[in-house]
Structure formats: structure tokens, C-alpha cells
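Pasting a predicted model and its sequence here:
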Amino acid sequence: MQKLTPFLWYNNDIREVMDFYRSVFPAATVSDLMPGPDGSLMGATFDLDGQKFIAFNGGPHYHLSPAVSMYINCETQEEIDELYGKLVEGGEETQCGWLVDRFGLSWQVIPSNLQKLLGDPDRARADRAMKAMLRMKKLNIQELERAAAGA
């Protein structure tokens, strides 16, 4: 097991959570299942694109919040469109590439060049990219680059 593993507290059927994430990330695997006292699934260890997670059905005592989110670095607009579309289904769009999935987990679906655009030494270019991003829910690479260029 990796040294650091995100532990996610859910108030849901963990099988439903696992099925959902495996539908979004086809290479996802589930490595360990922990049955609960009543025979339901209480916890599971799973892997999404090389990142291990532990999901726990702990009940309504605690809730996931946007204070912690999963950051997905995307190379293409097609990848953004696909992942964002799947993850937001049944959930909620927020701003700037963020969304909350149907189980309450926050995700950032971000183009790989965003940090470069926002950190451009030409502050006018960076500011234009930032203003464009702040108007978006799902991020659009072409629109961000066009805004940065001043077009």
C-alpha cells in the first residue's frame, strides 16, 4: 500500500460508489473489501489511474466538502469533456472546472496548461486567462488560450 492514501467517508452504498468510479475510470480496480456487521459493504480500497483510495461507509456523522478535492490533469478538451460529463452526472457543476459528484466528492477537471496560463510572466495575459476561467464552469482550453492571447 502506498504510504499516503486518501480516506473518503461516505454515507452511501460503497458498491454504488465503486461502480460509479469504475464507470468513469475504466482501468479502476478494487483491491480490498471490508464487510460491515450486517453483511453490507462497509469499506473498500480502490485504485483510480494509479491513485489508491479507501472508501468507508461511516454514516451521516461527517460529510465530504470542497475543502478537499480530486485534481485531474487533462491534456485535451476531449478528456475534459468526457471526465467532467461523467463525474457531474447526478452531481453539481460549480465554477472554474470544479464539480461535486453525486456522492459529494469534489473534483477539479483542469487542462494541463492552466497553471502556465495563469502564471504567465506577462500579467496582462495571465489576468485575461483568469477572467475567462472565472466565467466558466467546465473549462475550455481553446477559450482560455484565446483569452490569454487577447483575441
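Arrived safely. Numbering: from 1, shown residues only.

pretty sure residue 92 contacts residue 99?
Yes - between residue 92 and residue 99 there is a contact under Cβ atoms under 8 Å: 6.6 Å. Glycine gets a C-beta too; all of them are placed from N, C-alpha and C.

Looking at the two, which is more packed in?
Each of residue 92 and residue 99 has its neighbours counted (other Cβ atoms under 10 Å); residue 99 has more, 24 against 13.

Name all residues that make contact with that one.
84, 87, 88, 91, 92, 93, 106, 107, 109, 137 (Cβ atoms under 8 Å, 6 or more residues apart in numbering).

Tally up the residues packed near the last one, please.
Here the neighbour count serves as a burial measure; for residue 137 (other Cβ under 10 Å) it reads 15.

measure it to residue 105 for me?
Going from residue 137 to residue 105 by Cβ to Cβ, to the nearest Å gives 17 Å.

most centrally placed residue in the chain?
What sits nearest the mean C-alpha location of the chain, by Cα atoms, centre = their mean, is residue 107, with 2.4 Å.

How about that one, nearest residue that isn't a chain neighbour?
Excluding the flanking residues, the one nearest residue 107 by Cβ to Cβ, 6 or more residues apart in numbering is residue 70, at 4.9 Å.

hang on, the one you found in a strand?
Yes - assessed by DSSP: H, G, I helix; E, B strand; the rest coil, residue 70 belongs to a strand.

That one: how many residues sit nearby?
For residue 70, the neighbour count with other Cβ under 10 Å is 16.

Please look at residue 47 and residue 31 and confirm they touch.
Yes - under the criterion of Cβ under 8 Å, residue 47 makes contact with residue 31 at 6.6 Å.

Show me which of these two is the more surrounded one.
More crowded of residue 47 and residue 31, by other Cβ under 10 Å: residue 47, with 16 against 10.

Quick check, pLDDT for the more buried one.
In this model, residue 47 is scored at 94, pLDDT.

which stretches of the protein form strands?
Along the chain, counting by DSSP state E, strands occupy 7-10, 29-35, 41-48, 51-57, 69-74, 92-93, 98-100, 106-111.

and the angle for the second one with strand 41-48?
Interaxial angle of strand 29-35 relative to strand 41-48 (axes from the mean of the first three to the mean of the last three Cα atoms, to 10 degrees): 170 degrees.

what does strand 29-35 contact?
18, 22, 41, 42, 43, 44, 45, 46, 47, 52.
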